[in-house]
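**Q** Coordinates for the following, if possible.
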Amino acid sequence: MSKTEIFDVCVIGTGAGGGVMIDELTSSGFKVVALERGKMWANSEFLEHDELSSQIRKQQLWAPDFLESFRANENSKAIPGHYTSVAHGVGGGTTHWHGAAWRFRPDELKVLSTEGPLKGANLADWPFDYQELEPYYQKAEAAFGVAGNAGENPWGAPMKSPYPNPSHPYRTSSFTIAKAARKLGLDVFSTPTAINSQPYGGRAACMNAGMCGYYGCPINAKASTFAISIPRALSSGNLDLRTHSLAYEITVNAQGKAKSVLYFDSNGDTREVFAKQIVVACHSIGSAQLLKLSQSAKFPNGIANNNDMVGRNIMFHIVSMVQFEMSSPQHGALGPSGMVAIDNFHASDSSRGFIRGGAILESPATSPIVSTLGAAAARGK
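**A** Predicted coordinates for the structure are as follows:
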């Protein structure tokens, strides 16, 4: 009988959290097994993800087996459908993100302290401040080749070092928006973007094709754990990467310490992998689900859920979009997703009737087919 292998660490998920953790651990000599419920991508596949399949026909290219439902409130009926932008596959959501790489401002980490309690919400300060976090921002920006102009945003977080890449050149629409914003007395700056504006880190520079968000980058100019972290970890020889592996339970020993992960392999068969440490990094929804499924005598409500808070207080990006036409060509579909941004409205203003604020970010024009259909709908055709 062969001896059961016990890895130093098992990481569940290979996206923004898991992929970086895998890279850090393997580069430090730890033996790591990674469980990824999706596939290993080939860059050539990203060329097949066109607007017709993803935007018009709504094919679930990134998470085809992910089942969801949505209800407006606890008294409403749950309606099955696809509501989130999760991605199952090596790299997770970093394969199809837009690349906007903002830093939290110091006040964003201390909302309860700065704003006070809010009825109907469970506000809490982060357990660390910006000064403690700042060196890790520098490290992440260097690893992902963030492009931007440090200090250009007068409302942004203080930076001790410049971005590793210069900002992307503006498209015509960027100059138009910037001119109008400055006329209104607003501060305009280049959006920090984790897309190479020049060759960097062994990856090519952006070709300004414009299909960044919701699409994979076939030349790896857009930073992702698929393009950066996982290849480096594999080359170390310290990573056992298991794709098509859906974790469904973390088991614990008699002392209540995590000891293994049960998962379904590509054939649907149950497998078990043992590790000294287990890292749960399968996005906010998947991580909460896995922890709640991991019930035992020690944790009848799931791991880390003695207070029944796992899966609650989830936060989303709240986005309002405005589309408009100009009298001259703006080439708005070219280049990375975000070119110019405005942050003047970030701080709270009591006259709005709610706390905190938001940023205004230039978004690329939608792709040709989507733009045509949108224009026709606006004209009632």
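
**Q** use CA for all of it now, contacts and neighbours both
**A** Will do.

**Q** can you give me the strands for the chain?
**A** For the chain, the strands identified by DSSP state E occupy 6-12, 32-35, 68-70, 79-81, 188-190, 239-242, 246-252, 258-264, 270-280, 340-342, 360-361, in order along the chain.

**Q** so which of the ones you listed gets nearest G93?
**A** Minimum separation from G93 across the strands of the chain (CA to CA) falls at strand 6-12, 14.2 Å.

**Q** Name the residues that touch the closest one?
**A** Residues outside strand 6-12 that contact it (CA atoms under 8 Å, 6 or more residues apart in numbering): 18, 21-22, 30-36, 247, 273-282.

**Q** My understanding was that A178 contacts V188; is that so?
**A** Yes: taking contacts as CA atoms under 8 Å, A178 lies within contact range of V188: 6.1 Å.

**Q** so what sits against both of these two?
**A** Contacts common to A178 and V188, judged by CA under 8 Å, 6+ apart, are V340.

**Q** What sits closest to S113 if chain neighbours are left out?
**A** Distances taken as CA to CA, 6 or more residues apart in numbering place D125 nearest to S113, at 6.8 Å, with adjacent residues excluded.

**Q** give me phi/psi at that neighbour?
**A** Per-residue torsions, D125: phi -80, psi 150 (degrees, to the nearest 10).

**Q** Pull the number of nearby residues for it.
**A** Applying other CA atoms under 10 Å, we find 14 residues neighbouring D125.

**Q** hang on, isn't it packed against T114?
**A** No: using CA under 8 Å, D125 is not in contact with T114, being 9.2 Å away.

**Q** do you know how far the closest residue to F264 other than its chain neighbours is from S27?
**A** Ranked by CA to CA, 6+ apart and with sequence neighbours excluded, the top spatial neighbour of F264 is T270, at 4.7 Å. T270 sits 30 Å away from S27, going by CA to CA, to the nearest Å.

**Q** more crowded one of those two?
**A** More neighbours surround S27 than the other of T270 and S27, with 18 against 14 (other CA under 10 Å).

**Q** need the contact list for N153.
**A** Contact analysis of N153 by CA under 8 Å, 6+ apart lists D187, V188, F189, D343.

**Q** Quickly note the distance from it to V340.
**A** In terms of CA to CA, N153 sits 11 Å off from V340.

**Q** what touches both of the two?
**A** In contact with both N153 and V340: V188, F189, using CA under 8 Å, 6+ apart.

**Q** what about the helices in the protein?
**A** For the chain, the helices defined by DSSP state H cover 16-27, 43-46, 51, 111-115, 130-144, 172-183, 229-235, 283-293, 368-378.
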